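In: how would this look folded up:
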Amino acid sequence: MLKKTKCYSKGRIEDKTHVEYLLVCLGQDLTIIISGGASHIGSLSHTKKQGDETTYRYTYPTHRDDVIVDKAIRELQQAIEGELLVVGGIHYDDISKEQIEIIVKNSDDLLEEIKNDLKNRVL
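Out: Predicted structure coming up:
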């Protein structure tokens with residue numbers, strides 16, 4: 001049984017590199033909200049435990065949040081026993097390519113931390 005909620009955070013808001021993962025556990029199911037900057041819903045993906053494929057995926061036009069959302073689904077779906085829903089939206093005005101790369105790196109680091117916590121039953 002997963003615990004109720006946990007928040008993971010990395011980066012700096014002032015440097016436009018902050019990303020945050022909020023995990024909300026519902027029995028064996030897990031909802032993850034990925035945010036940063038002017039948070040919003042830019043993309044969402046859902047997968048059922050019965051299959052390893054994403055059963056539902058939507059990204060709003062002109063948004064690129066699916067890159068991080070889809071990676072979270074791929075990385076975490078095998079780590080839980082229930083269903084997984086990932087919703088995300090990160091937005092910073094006038095962001096550089098380097099800042100985007102840092103956000104992606106921060107997100108990857110947080111995914112590793114979450115996987116380890118799930119494996120070690122910290123959640």
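
In: and residue 88, what element?
Out: If you go by DSSP states H and E, residue 88 is part of strand 84-91.

In: report all helices and strands that that strand contacts.
Out: Packing partners of strand 84-91 (3 or more C-beta pairs under 8 Å, 6 or more residues apart in numbering; DSSP states H and E): strand 29-37, strand 43-47, helix 66-76. C-betas here are computed from N, CA, C, even on glycine.

In: tilt between the shortest one and strand 84-91?
Out: When axes from the mean of the first three to the mean of the last three C-alpha atoms, to 10 degrees is applied, the directions of strand 43-47 and strand 84-91 differ by 170 degrees.

In: following element in sequence after strand 43-47, please.
Out: Per DSSP H and E, the helix or strand that comes after strand 43-47 is strand 54-59.

In: and the longest helix for the protein?
Out: helix 97-119 (DSSP state H).

In: paired strands for the helix or strand bottoming out on mean pLDDT in the chain, with orientation please.
Out: For the chain, counting by mean pLDDT, DSSP states H and E, strand 54-59 ranks last in confidence among helices and strands (a mean of 79). The pairing partners recorded for strand 54-59 under DSSP bridges are strand 43-47 (antiparallel).

In: how about the residue sitting furthest away from the middle of the chain, what does it touch?
Out: Centroid-distance maximum for the chain: residue 94 at 22.5 Å, with C-alpha atoms, centre = their mean. For residue 94, the contact set (C-beta atoms under 8 Å, 6 or more residues apart in numbering) is empty.

In: ok, now which ones touch the residue nearest to residue 16 when sequence neighbours are not counted?
Out: Ranked by C-beta to C-beta, 6 or more residues apart in numbering and with sequence neighbours excluded, the top spatial neighbour of residue 16 is residue 92, at 4.1 Å. Listed by C-beta under 8 Å, 6+ apart, the contact set of residue 92 reads 16, 36-38, 99.
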